[in-house]
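# The amino acid sequence is not available; the structure is as follows:
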């Protein structure tokens, strides 16, 4: 697929044959610059965790581990607990996917009539991917990128009608602490006491913690595909 001139133009180019998945052909990926810079991972509370009882228990324990701590300090403890748990779960999920992919690879390389087994493995692999679908959907933040800051009547109406924590869309982009509205909505019974008391304290004292209004401002080009 490439000649010597191509090799000279792209000396660091590499080609990689991927595994069989869903078809009996291998995809090929060509990278022009295979050296990837390591990036620091940014914490994000993913909506798929909202119904996970184990995560809710972790949040409850972390939130109440130090009753004298501030809301920001408690959120930091929750963030660490969820991050540690997520790493373990990710390793387990990835191991399951890798195992299914390897089995599928082996079956597709055999010379025997094994269409039923291949179909079963494909279905299991599809289910494993679907379990990750909500995670990647939120990571893409398609809803947020689509709405952006368009100056539309709907945008202004939605802003005026927002009341309380539970009317905020759970998938809207989170702030610097990584927690979206979904975190507070799904764990409200555990968090509400301290949060409400801090809000009441603000109306009494007139002062807010310095980090409470920290946010990320991202300018989105007003084009069809920003």
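Received it, and whenever you're ready, just let me know what you need. In this text, all values refer to a predicted model and were calculated from it rather than measured experimentally.
# what's the span of stretch 66-77, first residue to last?
Chord length of stretch 66-77, first to last residue, is 10 Å (C-alpha to C-alpha, to the nearest Å).
# which SSE is the nearest residue to residue 60 once chain neighbours are set aside in?
Distances taken as C-beta to C-beta, 6 or more residues apart in numbering place residue 190 nearest to residue 60, at 4.4 Å, with adjacent residues excluded. For every residue, glycine as well, the C-beta is placed using N, CA and C. Per DSSP states H and E: residue 190 is located in helix 188-205.
# And that helix, how far out from the chain middle?
Helix 188-205 sits 28 Å away from the centroid of its parent chain (C-alpha atoms, centre = their mean, to the nearest Å).
# Mind splitting the protein into its structural domains?
1-36, 43-205 (automatic domain parsing).
# could those domains be laid out in TSV, adding mean pLDDT, mean neighbour count and distance to residue 214?
Below are these laid out as TSV (pLDDT from 0 to 100; neighbours: other C-beta atoms under 10 Å; distance: least, C-beta to C-beta, whole Å):
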stretch	mean pLDDT	mean neighbour count	distance to residue 214
domain 1-36	76	10	30
domain 43-205	77	14	5
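# The ones you listed: which one's closest to residue 216?
Nearest to residue 216 among these is domain 43-205; the distance by C-beta to C-beta comes to 6.0 Å.
# hmm, back to that, any figure for the gap between the residue nearest to residue 60 and residue 57?
9 Å (C-beta to C-beta, to the nearest Å).
# go on, residue 126?
30 Å.
# repeat for residue 86
15 Å.
# sorry, back to before: specify the stretch among the domains of the chain that is closest to residue 225.
Of all the domains of the chain, domain 43-205 comes closest under C-beta to C-beta, at 8.9 Å.
# gap between the two ends of that closest one?
Length of domain 43-205, first residue to last, C-alpha to C-alpha: 32 Å.
# just checking, the residue nearest to residue 60 touches residue 63?
Yes - Residue 190 is within contact range of residue 63, at 5.5 Å (criterion: C-beta atoms under 8 Å).
# just to revisit the earlier point, mind giving me the packing neighbours of the helix holding residue 190?
helix 53-63, helix 71-109 (3 or more C-beta pairs under 8 Å, 6 or more residues apart in numbering; DSSP states H and E).
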